[in-house]
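[1] One predicted model, sequence on top.
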Amino acid sequence: MTIIGMLHHRLDPRTVIKSYAYAAVAKAEGAQFFYFTPKSVNFNTRSINGKVYEDGEWHDRKMPFPDVIYNAGSPEKLAVSKRIINRLKKEIPFTTHSIGNKWNVMERLREAKKFDKYLIPTKIVKSADLFHKFMTTYKKVVFKPIDGRKGKGIYFISQAGSTNFEVRKDSEKSLYSKPQLDKLLAEQLSTGTFIMQPYIQSVTKSGQVYDFRLHVQKNGEGKWIITTIYPRIAPNGSIIPNINNGGFTNYLDPFLEQEFEEDGYNIRRMLEHFSLSLAHHLDDIQIVQFGEVIDEIGIDIGLDENQKIWMYEVNWRPGCPPAFYLELDVVIHSIKYAMYLAKNKKQLQSEITQQKNKHLTKKQDLPIVAITGSAGKTTSKAFLASILSVKWNIFESKDYWNTTEHTKKHAEEINASHEAVVLEYGMAYPGIITNHCSIIQPNISIITNIGLAHVGNFDGDIRGVAKAKSELIHGMTQDGLLILNKDDDNSKFLETQKFKGKVLTVGIHGTADYNAYDIQYKDIGMTFKIKLQGQETEMYIPILGEHHVYNALNAIAVADHLGFSPLDIKAGLNFKKPPRRLTIYNCRDEITVIDDTVHSHPQGVRAAIDVLKNIAKQRKVAIIGQMRELGDLREEEYRKVGEYIQEQEIDLLITYGFRTEEMGNAAIAKGMNPSKVYHFINKEELHVLLDKIIKPNDTILVKGASKTNMFETVKFLDQTFKE
């Protein structure tokens, strides 16, 4: 049976309300529980004069040293017994370790950099003059104790005209002159240390101030879990949403639905991911700096008008959520974690040592490359990984593993043996790339291009896509390397103005830092020339299409920056091509099938049509599937694609899927023979037609997104016309 001791500075457990809940839950979980203070410990007899809860009463009982100690008292009040506590820590695992006051926590996060973009600018107030300089910059300021709890002692101060200030505390509001404010500041500073921050306010549709409490703990398996996330809403007239100051709470989902409507689900996922990521990060910091693990934190955050997260504060031992069943959840997780800690003491200490050594030996200059863009992410990643693998042991994300859930898995798999990391960051909505970067922050970034993929999720505005892709620029290390496509006109909308690192460009048609020229189609690939390190080098890539030359240039730019030779780069470009990316199937009677059935958007369709035109021996057959998430631009973009197909003199056009006949209609309007245009919504009927009309020497492009299952048509053609 596991013995759990609750350490507290108070002599009487009856004055510690949570001690009852912990005693009851421990009993239910099959553990023995007792309460004790430091002065009741006897190291000579290895016993403790503690108190146990039985039959509704606390009873004195002499107990052996526990297997694990739940550290529940105030650090300040336990400090007088520091020698005793430190001696206990050498023998017995503690569940709870301090991560410091609000200032210490923020300083740790700021130094570690990974989460510093979520930190509100914060300064210790050393004088009234320093406060007024801060006030001049931010206009609205929060002034609060560095060790404040439960929303106590917080002042909200803002300019009110040229000489006066509005001061709000709790629900009271007063007008102060500068001398009056200086007197208030001096009075407060005489009582302790205060900090100041810009006031970033989250407001509901009805005008009430709110924030979110994110409560996370370790469970009975030693893993971080979310206990609860809930909004805290200030009463009317107040700007402090803390529950102890009259604030109230609500269930998360109804609140998000009411305030954010269709964005509510994404915001919930963002909050969940943020809370767990921060917990893991703080745990890592604690291990590296102190050789300890933490097990519970409460995070208070706000969202600004752009739904950006701002961290107000982090508490290492947060109060229980204001609902009994959630309070019980907190206790259950704490007890189960204590039992886990007791049973796995040696293993955990070994893991702490290994992790600390890993951090100490980790290369500080490890290249971490993240790639995003509307097209070309996976191929650029594959090119770069192949080149870097010529000399280094690298970590490469799997093809198409580009969601934030995948990035979480990658963060767990990267280890000290890796000499470089190459990742793909996918995006369909705002905030997603920010989440990627909060999990693994890159120091090298590639944005391949800005196209119409997912534009329907941005009200049809390409600038919205560019803004979302710009999250990679903001989320990477700000002194790193950024690669951009000089020929992509929409990349001008990327937010590069504040980026302080190095920017390199790639291009074919304009002048760029890395230019490809003399581009030619070969049997199953492309050749081009480029000047590298003062010499002209001819490169070959085993994949068709001029658009893939851009992807190769992205990889070349990074590899050249990292010191790889032209020969290394040339060898690495002969890579293993990602599946279903312009893959060639040679069938009987000189029939060629081009499989491009992973993604589909207007830019990619035109690029695939270019490949079809360049490699076809005789008839050119294009089978084009539905393009998703174009929103209100669908009709216009389908028309443009249809016109482009006619301009490139494609012999047969077959469209498949909802509304795709609009492409065929546009091609006919542009002059294509109507007898050469077909449309289907039934794939079996499409295959019947192909069996009838495909002739020797035809080259057939099958282009469609994975969700339309166009690969079934590729398989049909390959099996029907197999050699």
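    Cool, got the structure. Residues are numbered from 1 along each chain as shown.

[2] and the chain, what are its domains?
    3-91, 110-118+210-353, 123-199, 363-511+547-565, 583-720 (automatic domain parsing).

[3] Would you format those domains as JSON lines with distance to Ile541 included?
    Every residue, glycine included, has its C-beta placed from N, CA and C. As requested, these are arranged in JSON lines below (distance: least, CB to CB, whole Å):
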{"stretch": "domain 3-91", "distance to Ile541": "58"}
{"stretch": "domain 110-118+210-353", "distance to Ile541": "35"}
{"stretch": "domain 123-199", "distance to Ile541": "50"}
{"stretch": "domain 363-511+547-565", "distance to Ile541": "5"}
{"stretch": "domain 583-720", "distance to Ile541": "13"}
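
[4] okay, those in JSON lines with mean neighbour count and mean pLDDT next?
    Converted to JSON lines, the domains of the chain look like this (neighbours: other CB atoms under 10 Å; pLDDT from 0 to 100):
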{"stretch": "domain 3-91", "mean neighbour count": "17", "mean pLDDT": "93"}
{"stretch": "domain 110-118+210-353", "mean neighbour count": "18", "mean pLDDT": "86"}
{"stretch": "domain 123-199", "mean neighbour count": "15", "mean pLDDT": "86"}
{"stretch": "domain 363-511+547-565", "mean neighbour count": "20", "mean pLDDT": "90"}
{"stretch": "domain 583-720", "mean neighbour count": "19", "mean pLDDT": "91"}
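
[5] looking at those, which is closest to Asn101?
    domain 123-199 (4.9 Å; CB to CB).

[6] Ile556 touches Leu532, doesn't it?
    Yes - the pair Ile556 / Leu532 is scored as a contact, 7.3 Å apart, by CB atoms under 8 Å.

[7] Reduced to three states, what does Ala375 come out as?
    For Ala375, the assignment made with DSSP: H, G, I helix; E, B strand; the rest coil gives coil.

[8] which residues are in contact with both of Ile556 and Leu532?
    Here Ile556 and Leu532 have Ile569 as joint contacts, going by CB atoms under 8 Å, 6 or more residues apart in numbering.

[9] How far off centre is stretch 385-405?
    Distance of stretch 385-405 from the chain centroid (CA atoms, centre = their mean, to the nearest Å) equals 18 Å.

[10] Hmm, I typed the wrong one, I wanted stretch 447-463.
    The answer for stretch 447-463 is 20 Å, by CA atoms, centre = their mean.

[11] With adjacent residues omitted, what lies nearest to the spatially most central residue of the chain?
    With distances taken as CA atoms, centre = their mean, Asn435 lies nearest the centre of the chain, 1.8 Å away. Once flanking residues are discounted, Asn435 sits nearest to Thr404: 4.7 Å by CB to CB, 6 or more residues apart in numbering.

[12] Leu717 too?
    Nearest one to Leu717, counting by CB to CB, 6+ apart, is Val593 at 4.8 Å.

[13] Likewise for Val41?
    Among residues not flanking Val41 along the chain, Ile48 sits closest, at 5.3 Å (CB to CB, 6+ apart).

[14] For the residue nearest to Asn435, give me its contacts.
    Going by CB under 8 Å, 6+ apart, Thr404 touches His273, Ile432, Asn435, His436, Ile439.

[15] next one: Leu256
    Gly264, Tyr265, Ile267, Arg268.

[16] These into JSON lines, with extra columns for secondary structure and distance to Met135?
    Shown next, in JSON lines, are those (DSSP: H, G, I helix; E, B strand; the rest coil; distance: CB to CB, whole Å):
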{"residue": "Gly264", "secondary structure": "helix", "distance to Met135": "36"}
{"residue": "Tyr265", "secondary structure": "helix", "distance to Met135": "39"}
{"residue": "Ile267", "secondary structure": "helix", "distance to Met135": "32"}
{"residue": "Arg268", "secondary structure": "helix", "distance to Met135": "36"}
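
[17] do you know which of the domains of the chain lies nearest Tyr540?
    Among the domains of the chain, domain 363-511+547-565 comes nearest to Tyr540, with 9.5 Å by CB to CB.

[18] returning to that earlier point: are we agreed that the residue nearest to Leu717 is in a strand?
    Yes - per three-state DSSP, Val593 lies within a strand segment.

[19] is it in a bridge, and if so with what?
    Tyr585, Ile700 (DSSP bridges).

[20] Isn't it up against Ile584?
    Yes - between Val593 and Ile584 there is a contact under CB under 8 Å: 7.4 Å.

[21] what's the closest non-adjacent residue to Ala559?
    Ile387 (4.5 Å).

[22] Helix, strand or coil: sort out the one you found for me.
    At Ile387, secondary structure determined by three-state DSSP is helix.

[23] Also the one 4 residues further on?
    With three-state DSSP as the basis, Lys391 sits in coil.
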